[in-house]
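Trainee: Need coordinates for the following:
(chains A and B)
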2 protein chains.
Amino acid sequence: MAEIMKGMEVVEEIKEKMLREVEELKARGITPGLAIVRLGAKPDDLAYERSAIKRCEGIGIACRVFEYPEDMTQADLAQEISKINDDSTIHGILLFRPLPKHIDEDIIKHVVSPEKDVDCLNPVNVAKVFEGDPTGFAPCTPEAVMEMLHHYGIPVKGKRVVVIGRSMVVGKPVSMLLLKEHGTVTICHTRTKNIEEICGQADILVAAAGSARMVTDDFVSKGAVVIDVGINVDEEGKLVGDVDFERVEKVAGHITPVPGGVGTVTSSVLAKHVIQAAQRQNP
Amino acid sequence: MAEIMKGMEVVEEIKEKMLREVEELKARGITPGLAIVRLGAKPDDLAYERSAIKRCEGIGIACRVFEYPEDMTQADLAQEISKINDDSTIHGILLFRPLPKHIDEDIIKHVVSPEKDVDCLNPVNVAKVFEGDPTGFAPCTPEAVMEMLHHYGIPVKGKRVVVIGRSMVVGKPVSMLLLKEHGTVTICHTRTKNIEEICGQADILVAAAGSARMVTDDFVSKGAVVIDVGINVDEEGKLVGDVDFERVEKVAGHITPVPGGVGTVTSSVLAKHVIQAAQRQNP
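Mentor: Predicted structure coming up:
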């Protein structure tokens, strides 16, 4: 039976380090600040907002919510973001996406200052993830995958890594983070043939396909590390990952659960980015 | 014996299409213009410049060389590039890299207008390659690989593609271009274990390792397509690729030679980008 990789264990480890760093910043008179920018009040956004605020405030980061009406104009949003860029008490900006349809994300993404862009919206940070440049901010979920691997002492160097999914939210950025740590990375997707066979060659398998329980034990070789980034709701309304946990835990060496796995770590990565941003803005 | 994929054949095909497009632009009073910006006069830069000018002028693109002293200041270079950005007779800018050491490419890359950045220097274009967004400009060599595959009617969709090399010049961007065409892409590098075995699984193998003749017939399965992006000089001073041509052509289905392969197509892609830039700037 696989060792279960618990998100909360990783959260606790990161928290210790972050508490020390916040203390150091506060001793210099700096309280790391996060701006959460939200248009409207979608339930999913509110749920993540609550967990992000709880995680951030728990380590001493000041959070401010900027809620605007859903029909706010693009020009007004750009102006508000510019004001937040100029506010030296705020070090990180989280802007909920997708934005309402009348607002062009391709315009707004350039407005968020790269230095405060803790969730990798601005192309400057997107390019840095691609280049493997650590001076930017990667998106939080892919980095949460890496935190999981680091905490559980799983080396990536020289390993065969297979990523299922090629989105800009998870698949592509996590592939670049794994490549930076010297994994030999294969990216699979809906057009991949013989996907079971290819996944079966993986030492580390990252499932980010967005398809409930698609990864069965046919995809996993004995002892492999299986990281499940999927968040799906099955026919019975139950929250499930991309991995068929019951079947795969019998063959895998390590496995992350859903819920309680990667998703749990995401808001800790957000907090980590806010602290890094505060440090970089106050060298 | 493998079919040899000749760069000149691809160049001729692209040329036909470009001649028509330049004609259409000229009928509207627009001559596509390329600015070549060079600091100093390195022999390699001059060689590429000559071939780029020949290729571009051969289809009616106006080229202007902006040569500056190697000790030009960063501020002066930025100012000169800004002037070129503002010159409506110039649609594309090629800036030779690497820049002299006293100039920070991380600053200058933001100065070249993304709309004129035909060689993918600006992070806006780097991010677009990563995202698979075709409104930007990919670097010329990776796109030359795709032109080769297209010309020779080699489908990528659903194929197993292995790329050797993870540079930002070739390996990573070509991986994204191949992924966009729905290949299942594996990226190998110096830390990859069992590289012969992994490469042997490829339907399409792209060698961009920068290591003379490293890809032998042990790396190639019968009938595979082998694209050689390497340009190396061997002990005898001979120009050779990353592929051991003599051995590999006996097993491959298709193979590109060096010289006369991908490298031949690169300046045609540059010309194509200048025309696209002229079209986009004059909708």
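Trainee: so who does the nearest residue to residue A:97 once chain neighbours are set aside touch?
Mentor: Spatially, and ignoring its direct neighbours in sequence, residue A:97 is nearest to residue A:105 (6.7 Å; CB to CB, 6 or more residues apart in numbering or on different chains). In this view, the C-beta of every residue, glycine as well, is placed from N, C-alpha and C. Counting by CB atoms under 8 Å, 6 or more residues apart in numbering or on different chains, residue A:105 touches A:97, A:98, A:99.
Trainee: Show the buried residues in those.
Mentor: For these, a burial check counting by 16 or more other CB atoms under 10 Å in any protein chain shown picks out residue A:99.
Trainee: Serialize the contacts of residue A:105 to JSON lines and add fields for secondary structure.
Mentor: Shown next, in JSON lines, are the contacts of residue A:105 (DSSP: H, G, I helix; E, B strand; the rest coil):
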{"residue": "A:97", "secondary structure": "coil"}
{"residue": "A:98", "secondary structure": "coil"}
{"residue": "A:99", "secondary structure": "coil"}
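Trainee: Closest one of the contacts of residue A:105 to chain B?
Mentor: residue A:97 (14.0 Å; CB to the nearest CB).
Trainee: For residue A:1, which non-adjacent residue is spatially closest?
Mentor: residue A:249 (6.0 Å).
Trainee: The one you found: neighbour count?
Mentor: 19 (other CB atoms under 10 Å in any protein chain shown).
Trainee: before we move on, the earlier item: any chance of CSV for the contacts of residue A:105, columns pLDDT?
Mentor: Below are the contacts of residue A:105 laid out as CSV (pLDDT from 0 to 100):
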residue, pLDDT
A:97, 94
A:98, 93
A:99, 96
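Trainee: For the residue nearest to residue A:97, what are phi and psi?
Mentor: When read as degrees, to the nearest 10, the backbone of residue A:105 gives phi -60, psi -30.
Trainee: try residue A:212
Mentor: Per-residue torsions, residue A:212: phi -60, psi 130 (degrees, to the nearest 10).
Trainee: Over to the one 3 residues further on?
Mentor: Dihedral pair for residue A:215: phi -90, psi 100, per degrees, to the nearest 10.
Trainee: Please name the nearest non-neighbouring residue to it.
Mentor: Per CB to CB, 6+ apart, closest to residue A:215 is residue A:243, 4.4 Å.
Trainee: pLDDT of stretch A:31-44, averaged?
Mentor: For stretch A:31-44, mean pLDDT rounds to 96.
Trainee: What is the burial count for residue A:27?
Mentor: Neighbour tally, residue A:27, other CB under 10 Å: 8.
Trainee: element containing the closest residue to residue A:41 other than its chain neighbours, please.
Mentor: Of all residues not flanking residue A:41 in the chain, residue A:67 sits nearest, at 7.1 Å (CB to CB, 6+ apart). Taking DSSP states H and E as the criterion, residue A:67 maps to strand A:62-68.
Trainee: Please, where are all the strands along chain A?
Mentor: Taking DSSP state E to define them, one finds strands in chain A at A:3-4, A:33-39, A:62-68, A:92-95, A:160-164, A:184-188, A:204-207, A:225-228, A:232-233, A:239-240, A:254-255.
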